[in-house]
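Enquirer: I would like the atomic coordinates for the input below:
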Amino acid sequence: MRQLHGVRVGAAAPGRAPCPDRMTALEKSVRVFAETPGENVIVPKIGVSFDTLGEAYDFYNLYSWEKGFGIRYGKSRLNVNRAKCMQEIVCGCAGKPIVENTRSCRCECPALIRLLHSKDNGWYIAEHREQHNHSLSPTYGQTLHWPSHKHIDVYSRDLVKQLRENNVNLSKVYNIIGSFFWEDGKCTIHKESIAELVWENWT
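Expert: A predicted model of the protein is given here:
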């Protein structure tokens, strides 16, 4: 039994090894936004794949930060080998209050992504419910009260904010996404350098 971001998630199947030739879900979303800006930089879509559950959690968490809600791990399912084969990541308002007659944000919100384990040991989005039954936090600052958002990397937050607040062409995006430089399964650039690249290439 292991934990991700302080959340107890149970036994998980091994993730697939990172591949330098395979774009991450985050990189794909950033490139799509740079080519065709929309309402959100991060967009969960059916079929989007990840190397690990942790990567999927981080991706959906960044999306939830943009939209104004928090997330947590929900239901999961094990296969015949007792390895995790399905995992839901739900809105922080999902489910009923643990204790009745208490001030709880839980209001049975249906929003979630359902992840299935793939044959290559990766994970992919099999279902995305984006509708909420409650109001969302309108600003970035207000979303920080959600526990899940405390785990978002500050450089990822800055990247998304800059993309949304500026007209950024694709050539500049290629120069600033330092987190996508992988070699032999390791990132070849430090996060401090990523921040420098972001600010140098946005001016």
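Enquirer: which helix or strand contains Tyr73?
Expert: With secondary structure defined by DSSP states H and E, Tyr73 is part of strand 71-78.
Enquirer: and the helix or strand following that strand, what does it pack onto?
Expert: Counting by DSSP H and E, the next helix or strand C-terminal to strand 71-78 is strand 84-91. Packed against strand 84-91 by the contact rule (3 or more C-beta pairs under 8 Å, 6 or more residues apart in numbering; DSSP states H and E) you find strand 7-10, helix 53-67, strand 71-78, strand 112-117. From N, CA and C alone the C-beta is placed, and that goes for glycine too.
Enquirer: contacts for strand 84-91 next, please.
Expert: 9-13, 53, 56-57, 60, 64, 69-79, 109-117, 123, 132 (C-beta atoms under 8 Å, 6 or more residues apart in numbering).
Enquirer: rewinding a little: partners of the strand holding Tyr73, with directions?
Expert: strand 84-91 (antiparallel) (DSSP bridges).
Enquirer: okay, angle between the partner strand and helix 53-67 too, please.
Expert: Our comparison of strand 84-91 with helix 53-67, counting by axes from the mean of the first three to the mean of the last three C-alpha atoms, to 10 degrees, yields an angle of 20 degrees.
Enquirer: mind listing the helices for the chain?
Expert: Assigned by DSSP state H, the chain shows helices spanning 25-35, 53-67, 140-143, 154-165, 170-176, 191-201.
Enquirer: filter the contacts of strand 84-91 to the buried ones?
Expert: 9, 12-13, 53, 56-57, 60, 64, 69-73, 76, 109, 111-115, 117, 123, 132 (16 or more other C-beta atoms under 10 Å).
Enquirer: could you tell me how many residues sit around the nearest residue to Leu116 once chain neighbours are set aside?
Expert: In space, and not counting its chain neighbours, Leu116 is closest to Ala126: 4.5 Å by C-beta to C-beta, 6 or more residues apart in numbering. Close neighbours of Ala126, defined as other C-beta atoms under 10 Å, add up to 14.
Enquirer: many thanks, have a good one.
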